[in-house]
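> 3D, please:
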Amino acid sequence: MNEESENSGTVPAAGESADAHSTRGQLPVPTPDSELTLQPDRLAGSPQCLNCGTLLQGPFCHYCGQPDKNLLRFFPVLLRELMEDFLDFDSRFMRTMKPLLFKPGKLTRDYLDGRRFRYTPPLRLYIFSSIACFFLAALIATDSIVIDAHNGEGENAVSSIHIGTTDDPEVNAALDRLDPEARQDVDEALAKAEASGDEEGDEESPIEIDGKPWDRETNPFIIEWMPNWVNDWVNDEIERSPQKGKEIAKNPDLIKDKVFDVLPATMFLLLPIVALLFKFWYLFAKKYYIEHLIFALHNHSFLFVMLFIAMLLSALAGWLEPADEGRIHTAVSWANIAIAVWVPLYFLVSLKRVYQQGWGMTLTKYCLIGISYVVLLSLATAFVALLSFVLL
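A predicted model of the protein is given here:
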């Protein structure tokens, strides 16, 4: 044993030199993050892991991951802790929302630097935010949320909100106020008008091929270099398109429902292509493809959350102030303007923070990526519209 070991009062481990041991002892000990550990009153205080017997160096076993948590306590105490955890939602999710909304690029930068456990994983965050956004958009777009501001008259008038499906709430409410005989006459007149419109529509051919009306036998749609089954499928769709158009005219919610069935999957499949855009414009940034993909996941999650907030505020304003006038409507309008300004600014700052280039280069690539993304989104929108009509 050398003199340095004697002075320190420690014995180096077998196979380890005293110099290495001394150097390791001088390394700063990181301070644990209080948000990432268990509260002292919840610990069991065991020297070894109760699951695998490994010597503990903290509240979690570094071998099997089991927490040193004491569950054998009074039930009211455990119930109180359970309610605290439930009301706190997911601690990682709540810690994720603040940097996601107000600190552009921080989530991606921390994730790439290894600070990952404190935040919700990027893919899970994207799935949660996209589901919430598309679900609310589907409710609003398909009139599943109906606002009725005419329940009662005068001082007894109240506003209500209910879940249901209707073509026109105001028309249905007016018809409901008619007596049964008048309502029957109106329904019969509407049915006759609709039937006559269908007959007139049958006489017209909405699609022309080479300047002539399409006909399955005499003037079909044919692409010479395509296989026969593709041409047959296209002509089948053309033949069914007038009937689909009538169904959509009768109930626009049909096509809306199909769009919201296809759109989430399309946006998810679009993510790898968006990551390729970042990879292309930052080809010499020495970053792996997965880094660009994580950045795309975080930015799309932010966009979905912003859209969700904007739609929710607008829906609440329409419910509380059906006339679209008043302080709440004005406040929501200003909030939507702030969101519209913050979203592009957020993307610019996040680009600067993650890729760490100068402002001039960042602005140039921001514009180029923006143009590329708009073109890509336009193609995806056309694809969604076409696929929704085909699947109808």
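> got the residue ranges for the strands in the protein?
Assigned by DSSP state E, the strands in the chain fall at 145-151, 158-163, 208-209, 212-213.
> Now do the helices in the stretch 1-150 of the chain.
Assigned by DSSP state H, counting those that start in this stretch, the helices in the stretch 1-150 of the chain fall at 3-8, 18-25, 75-87, 91-102, 106-112, 122-141.
> what mean pLDDT does the third one have?
Same thing as helix 75-87. In this model, helix 75-87 has an average pLDDT of 66.
> so how many other residues sit close to Lys212?
10 (other CB atoms under 10 Å). All C-beta atoms are positioned from the backbone trio N, CA, C, and that covers glycine.
> ok, it - contacts?
Asn219 (CB atoms under 8 Å, 6 or more residues apart in numbering).
> Who does it form a beta bridge with?
Lys212 has these beta-bridge partners by DSSP bridges: Ile209.
> Next one: it from Ile238, what distance?
Between Lys212 and Ile238 the distance is 13 Å, computed by CB to CB, to the nearest Å.
> How about Val274?
Separation of Val274 from Ile238 (CB to CB): 33 Å.
> Low-confidence ranges, the stretch 101-250 of the chain, go.
By pLDDT under 70, the low-scoring segments of the stretch 101-250 of the chain are 142-211, 248.
> run the last query once more with 50
Counting by pLDDT under 50, the stretch 101-250 of the chain contains low-confidence residues at 145-166, 200-203.
> Same check on the stretch 251-392 of the chain?
If you take pLDDT under 50 as the line, the stretch 251-392 of the chain has no such spans.
> Which parts of it are helices?
253-281, 289-320, 327-355, 359-391.
> Which of the ones you listed sits closest to Trp233?
Nearest to Trp233, of all the helices of the stretch 251-392 of the chain, is helix 359-391, at 9.2 Å by CB to CB.
> Only the buried residues of that closest one, if you could.
Going by neighbour count (16 or more other CB atoms under 10 Å), the buried part of helix 359-391 is Thr362, Lys365, Tyr366, Ile369, Ser372, Tyr373, Ala380, Val384, Leu387, Ser388, Phe389.
> Tell me the spatial nearest neighbour of the second one, not counting adjacent residues.
Once its chain neighbours are removed from consideration, Lys365 has its nearest residue in Trp281; the separation is 5.1 Å (CB to CB, 6 or more residues apart in numbering).
> so how many other residues sit close to that neighbour?
Residues lying near Trp281 (other CB under 10 Å) number 18.
> what does Thr120 give?
Using other CB under 10 Å, Thr120 is surrounded by 22 other residues.
> ok, now which ones touch the residue nearest to it when sequence neighbours are not counted?
Spatial nearest neighbour of Thr120, chain neighbours left out: Thr96 (4.4 Å); criterion: CB to CB, 6+ apart. Contact analysis of Thr96 by CB under 8 Å, 6+ apart lists Leu107, Tyr119, Thr120, Leu125.
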